[in-house]
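Peer 1: here is my input, please return the structure:
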Amino acid sequence: MRAVEFVSVALICVNISFISSIFMKFALNINSVIMKSFSLFLASVLFLSVLPSVNAQSSFDKEGHRGGRGLMPENTIPAMKNAMLLGVNTLEMDIHITKDKRVVVAHDPHLNYHFTSFPDGREMTKNDKGKYALYDMDYADVRRYDVGSKYYDNFPRQKKLATYIPLLSELIDSVEFYAQEKHLSKPHYNIEAKLDENGDGVLHPAPEEFLQLMMAVICSKKIEDRVIIQSFDPRAIEIVHRDYPDVRTAFLVANLKSCKKNLKALTFKPDVYSPYYKMVNKKVVEYCHSLGISVIPWTVNSVEKIEELKDIDVDGIITDYPDLFNED
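Peer 2: Sure thing, here's the model as predicted:
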């Protein structure tokens with residue numbers, strides 16, 4: 001019996017020794033995992049500590065004015081797609097309302113004779129100026145006019161193609177799908193409400209209805225977090241600030257007043273001050289930045305001027321030629 005007990009004890013000791021060795025290896029492996037995890041944690045902290053500076057360098061807002069009308073027919077879906085391919089962050093566009101209350105992407109209150117052709121193919125002439133107000137036409141009729149085939153003297157590089165004035169809803173759907181299809185970043189939108197006191201009830205609805213119609217489209221597409229609403233008319237962005245406080249706003253200006261006086265026209269601080277580029281200097285930028293307001297001037301159409309404005313720390317540029325961003 002003692003011999004058996006001795007053997008049993010010996011086996012137990014061997015098993016304990018074997019288990020102990022496994023445990024030690026396991027403990028060492030755990031320590032190794034912990035050390036690796038800790039190293040990864042430190043690396044993450046170091047990465048995050050420099051991330052703000054990286055973001056600051058890449059946050060410059062490159063905007064294609066009306067989709068980049070120097071290269072493609074303005075405010076059209078082909079223009080927006082082309083701007084995205086050229087690497088813009090933001091698609092800039094204008095909004096009007098038709099007679100049947102459809103929200104369309106167009107800059108002028110009337111069909112612009114400079115680049116519009118009739119449904120039968122005849123080109124508009126100067127005699128057609130001011131004859132065809134969008135607010136007097138149903139969208140089905142507006143869509144029949146070609147706004148891309150006629151040569152446009154002001155933009156000789158603009159590609160000519162048959163296209164039309166799109167609905168805002170269609171444009172958003174098209175560019176969102178295009179971004180996904182081409183593996184591009186989702187675009188941001190800088191959308192101008194084309195309001196003017198003299199046009200109320202004549203060339204467009206009153207501000208409240210105009211903004212309600214426009215924002216209904218934007219909210220239905222769930223892009224509010226990627227939208228800036230801009231306008232020369234303070235009433236427009238006042239309504240947005242009041243009714244959609246999470247949506248960013250931009251105040252467009254083109255006058256001889258100082259930045260300080262222009263901003264006094266508003267009851268709040270807009271997210272963006274957007275002046276004609278010749279109104280911008282270092283003091284304007286510094287003043288706006290001291291208030292937490294970004295500065296994005298329009299419309300800058302030379303590499304040299306883009307560089308000058310970047311040197312005084314503007315936050316973005318709106319240009320007719322988005323290909324210039326790849327040359328600066």
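
Peer 1: ok, residues contacting stretch 218-232?
Peer 2: The contact list for stretch 218-232 (CB atoms under 8 Å, 6 or more residues apart in numbering) reads 90, 168-169, 172-173, 176, 186-196, 214-215, 236-237, 240, 244, 246-254, 271-272, 274. For glycine as for every other residue, the C-beta is placed from the backbone atoms N, C-alpha and C.

Peer 1: what's the PyMOL syntax to select whichever of those residues are buried?
Peer 2: In PyMOL syntax, the buried subset of these is picked out as below (16 or more other CB atoms under 10 Å):
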select buried, resi 90+168+169+172+176+187+188+189+190+191+192+193+194+195+214+215+236+237+240+244+247+248+249+250+251+252+253+271+272+274
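
Peer 1: which residues touch residue 300?
Peer 2: Counting by CB under 8 Å, 6+ apart, residue 300 has contacts 277, 306, 309, 317-319.

Peer 1: again, but for residue 136
Peer 2: Contacts for residue 136 (CB under 8 Å, 6+ apart) come out as residue 99.

Peer 1: per-residue pLDDT, it?
Peer 2: Per-residue pLDDT puts residue 136 at 98.

Peer 1: distance of it from residue 115?
Peer 2: Residue 136 is 20 Å from residue 115, where distance means CB to CB, to the nearest Å.

Peer 1: please apply the same query to residue 205.
Peer 2: Distance, residue 205 to residue 115, using CB to CB: 26 Å.

Peer 1: more crowded one of the two?
Peer 2: More crowded of residue 205 and residue 115, by other CB atoms under 10 Å: residue 115, with 23 against 18.

Peer 1: wait, that one sits on residue 147?
Peer 2: Yes. If you go by CB atoms under 8 Å, residue 115 and residue 147 touch, sitting 5.8 Å apart.

Peer 1: give me the common contacts of those two.
Peer 2: In contact with both residue 115 and residue 147: 73-74, using CB under 8 Å, 6+ apart.

Peer 1: in strands, which of the contacts of stretch 218-232 appear?
Peer 2: Secondary-structure check on the contacts of stretch 218-232 using DSSP state E: residues within strands are 90, 188-193, 248-253, 272, 274.

Peer 1: pLDDT weak spots in the stretch 51-200 of the chain?
Peer 2: The stretch 51-200 of the chain contains residues with pLDDT under 70 at 51-58.

Peer 1: helices along that one, start to end?
Peer 2: Along the stretch 51-200 of the chain, counting by DSSP state H, counting those that start in this stretch, helices occupy 77-85, 139-142, 168-181.

Peer 1: mind listing what's buried along the second one?
Peer 2: Looking back up the chat, that one is helix 139-142. Residues of helix 139-142 classed as buried by neighbour count (16+ other CB under 10 Å): 139, 142.

Peer 1: now the first one
Peer 2: Judged by neighbour count (16+ other CB under 10 Å), helix 77-85 contains these buried residues: 77-84.

Peer 1: out of these, which comes closest to residue 67?
Peer 2: residue 79 (2.9 Å; CB to CB).

Peer 1: which residue is the nearest non-sequential neighbour of that closest one?
Peer 2: residue 67 (2.9 Å; CB to CB, 6 or more residues apart in numbering).

Peer 1: can you check residue 233 too?
Peer 2: residue 195 (4.0 Å).

Peer 1: now do the contacts for the residue nearest to residue 79.
Peer 2: Shown in contact with residue 67 (CB under 8 Å, 6+ apart): 74-76, 79-80, 82-83, 91-93.

Peer 1: centroid residue for the protein?
Peer 2: residue 188 (2.1 Å; CA atoms, centre = their mean).

Peer 1: can you tell me how far residue 252 sits from residue 265?
Peer 2: 11 Å.

Peer 1: I'd assumed residue 218 was in a helix, is it?
Peer 2: Yes. Looking at residue 218 with DSSP: H, G, I helix; E, B strand; the rest coil, it is inside a helix.

Peer 1: burial count for it?
Peer 2: 22.

Peer 1: show me what contacts residue 311?
Peer 2: Contact analysis of residue 311 by CB under 8 Å, 6+ apart lists nothing.

Peer 1: mind running it again at 10 Å?
Peer 2: Residue 311 sits next to residue 282 when contact means CB atoms under 10 Å, 6 or more residues apart in numbering.

Peer 1: would you map the strands across this protein?
Peer 2: Counting by DSSP E, the strands of the chain are 61-64, 90-97, 103-105, 188-193, 227-231, 248-253, 272-275, 294-295, 316-319.

Peer 1: out of those strands, nearest to residue 159?
Peer 2: strand 61-64 (13.9 Å).

Peer 1: partners of the closest one, with directions?
Peer 2: With DSSP bridges as the test, strand 61-64 is paired with strand 90-97 (parallel), strand 316-319 (parallel).

Peer 1: distance of the residue lying closest to residue 59 once chain neighbours are set aside from residue 143?
Peer 2: Leaving out its chain neighbours, the residue that sits closest to residue 59 by CB to CB, 6+ apart is residue 315, at 7.8 Å. As judged by CB to CB, residue 315 and residue 143 stand 36 Å apart.

Peer 1: same thing with residue 323?
Peer 2: According to CB to CB, residue 323 stands 29 Å off from residue 143.
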